[in-house]
Each structure stands twice: as C-alpha cells, then as structure tokens.
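Peer 1: Next comes the sequence, and after it the predicted model I'd like to discuss.
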Amino acid sequence: MKSSSFYFWVDINRKGRKKLQCTFQLREQQHKESPLLRLDIIVQDHPNPPGYFPLANQVIPCPHLHIAHPDYGDSIAYPLDDNYAKMYLTEEELKEITVILRKFLERCNVGNINDYNYEYQAELF
C-alpha cells in the first residue's frame, strides 16, 4: 500500500502448529520493526505495562489491538470495542478471517478496499 509520501505494509501472520496464532500488522517502510497497528486475534491475553495512560497495569483479553505510542511503542493493548481502538467486531465476524482482514484494512484507512477480492482458504485454518 502507498500513500502520497510513505510506503506501508500490512502483514498477516498465521503461525503455530500446536497452538494456532493469528496477527495482522500495519508497518511503515522507514520503521518496519515498529508496527503502527497490530491486531492480535488468536494469542494470549496481554498485560499492559505500568504508566500514565488508560488501561495501564490491566490485562487485556484477546482479541485486542495494539496502537503505537511514542513512549511505549506497541506494548499497549486495547479491547476491540474501546473508543480508541475502534475495531468493532462481533463474535460472528471474528470467525471469518476475510471479514477480519476487511475490518483491519478499514481501520488502517486503506483506500479502495472494495476493489480487492477476498477469498477464504479453509485448508489454512
């Protein structure tokens, strides 16, 4: 994906043989090692670090969204229905990887997402 002056990548990482994991990330070319957004769908609950921000020292259940912070990087997680996270997914939507991808692309402000074909490959999950 490309904006007017920056290049961005969206990663989908589905790994784990014994325990399935699934994560979506938005990264920028100049700072690839630091995701701007990370949506954890199937991972462990996330303990937020101590600090002076909402949800400090709280354990955030999965699924959750990490949003880059100048002081904390991507170490802060937010529940999907949090007003800051804005990733409203129903239980039914969380069962469909293609729906999750579309919602994540919307959250990343990707243009023309209706122009893409989304196909589910059942043998991967």
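Peer 2: That came through fine. The structure displayed is predicted, hence computed values, not measured ones.

Peer 1: Strands of the protein, residue ranges please.
Peer 2: Remark: strands assigned in the chain by DSSP state E are 8-15, 21-28, 37-42, 46-47, 59-60, 64-67, 77-79.

Peer 1: Pick the most deeply packed of these.
Peer 2: Of all those, strand 64-67 has the most neighbours on average by mean count of other CB atoms under 10 Å, namely a mean of 22. Bear in mind the C-beta positions are built from the backbone N, C-alpha and C, glycine included.

Peer 1: strands paired with that one, and their directions?
Peer 2: strand 37-42 (antiparallel), strand 77-79 (antiparallel) (DSSP bridges).

Peer 1: which of these has the lowest average pLDDT?
Peer 2: Mean pLDDT is lowest for strand 37-42 among these, at a mean of 91.

Peer 1: Below-threshold pLDDT in this protein: ranges please.
Peer 2: Across the chain, residues meeting the criterion (pLDDT under 70) sit at 1-4, 14-20, 120-125.

Peer 1: Can you pull up the most central residue in it?
Peer 2: Nearest residue to the geometric centre of the chain (CA atoms, centre = their mean): L39, 1.7 Å.

Peer 1: Could you check how far F8 is from T23?
Peer 2: 16 Å (CB to CB, to the nearest Å).
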